[in-house]
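Trainee: Got a predicted model here, sequence first, then my questions.
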Amino acid sequence: MKVAIITGGGSGLGAVYLKTIRKRYPELDEYWIIDIQEDKMKEVSGNDPKIRPVLMNLSEDDSYVYLNKLLEDNNADIRILINNAGVETVASFEEAPERKLVNTVRVNSEAVMRIDKTCIPFMREGSSIIHTASIYAFSPVPGDAVYAASKAFVRSLSLALHEELKEKGINVMVLSPGGMNTAMDRSDLRKKSLLSMPFLDMEKVANGALDQAEKGKASYVPTLYYRLYTLFCKLFPSSFTARIIGSNYKK
């Protein structure tokens, strides 16, 4: 069975990916969306028999055993994996609840690795993986320290796997978008920073990422504005960029 898998597929960019992939690749047998929000998955699935909601908590070990069995039972041939689920808590490290920071690392970093580890054995030549990172992966971000660090992990993992899996004909690409109106937490602190930067059209982001993945690219940053942002982060020491970026966060 040829399938596409989208984590975080119940809302935000994941739901847009579902709509886009469903339209671009109608030949696939099924489109699996993984999310912890059952109601959201039902909403985006509608009555489409080819869309399969997979209820999973990516922070729990048993979830990956369940997913592996599901893949085995369906003789899955994963053509596209969108490793997209993410969470964010915007606050200073000292003020942020520890349980939320731990969950950020588990969902944004550990879960990405474990989804890959579970799914790659069911992929073959011509398959592709897209990881959703962030422009925050390019520099430490005071006020959003753990989220930025978790996305730096995703970017590093993606670029390494791009090289490792190249011989098997599996392309791995990291998407590093800027601000989007997604389902993630948006606090007053964040409104003082990213909302002053341009928000991206999620449909354009999804289509652009799929276009670049089809070309075998390793990395994609949408729009010139955010490419210049990442260039700034590459040209200057991380201690300097952290200080400049952190100056936007005011209590």
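Mentor: In hand now; what should we look at?

Trainee: Could you tell me how far Tyr225 is located from Glu164?
Mentor: 32 Å (CB to CB, to the nearest Å). Where you see a C-beta, it was placed from the backbone N, CA and C, and this is true even at glycine.

Trainee: and what of Ile129?
Mentor: 11 Å.

Trainee: Need the residues that contact stretch 52-67.
Mentor: Outside stretch 52-67, the residues that touch it by CB atoms under 8 Å, 6 or more residues apart in numbering are 7, 10, 30-36, 38, 41-42, 45, 70, 85, 103, 106-107, 111, 114-115, 117-119.

Trainee: Helices - which of those land there?
Mentor: Counting by DSSP state H, the contacts of stretch 52-67 place Glu38, Met41, Lys42, Ser45, Leu70, Asn103, Ala111, Arg114, Ile115, Lys117, Thr118, Cys119 in helices.

Trainee: Show me which of those residues are buried.
Mentor: Met41, Ser45, Asn103, Ala111, Arg114, Ile115, Thr118, Cys119 (16 or more other CB atoms under 10 Å).

Trainee: Columns pLDDT and distance to Asn74 on top of these, output as a markdown table?
Mentor: A markdown table is the format used below for these (pLDDT from 0 to 100; distance: CB to CB, whole Å):
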| residue | pLDDT | distance to Asn74 |
| --- | --- | --- |
| Met41 | 94 | 18 |
| Ser45 | 91 | 17 |
| Asn103 | 93 | 29 |
| Ala111 | 97 | 21 |
| Arg114 | 97 | 19 |
| Ile115 | 98 | 16 |
| Thr118 | 98 | 14 |
| Cys119 | 98 | 13 |
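
Trainee: Which members of those residues are the farthest-apart pair?
Mentor: Using CB to CB, these span at most 25.4 Å, a distance reached by Ser45 and Asn103.

Trainee: ok so, going back, between Ile129 and Glu164, point out the one with more neighbours.
Mentor: Legend: neighbour count by other CB atoms under 10 Å for Ile129 and Glu164, higher for Ile129 (26 against 12).

Trainee: Give me the below-cutoff pLDDT ranges for the stretch 101-250 of the chain.
Mentor: Applying pLDDT under 70 to the stretch 101-250 of the chain flags the ranges 181-196, 248-250.

Trainee: where do the helices sit along it?
Mentor: Taking DSSP state H, counting those that start in this stretch as the test, the helices found in the stretch 101-250 of the chain are 111-119, 145-164, 188-191, 202-214, 224-235, 238-246.

Trainee: which residues of the stretch 1-150 of the chain fall in strands?
Mentor: Secondary structure of the stretch 1-150 of the chain (DSSP state E, counting those that start in this stretch): strands at 2-7, 30-35, 51-55, 77-83, 128-132.
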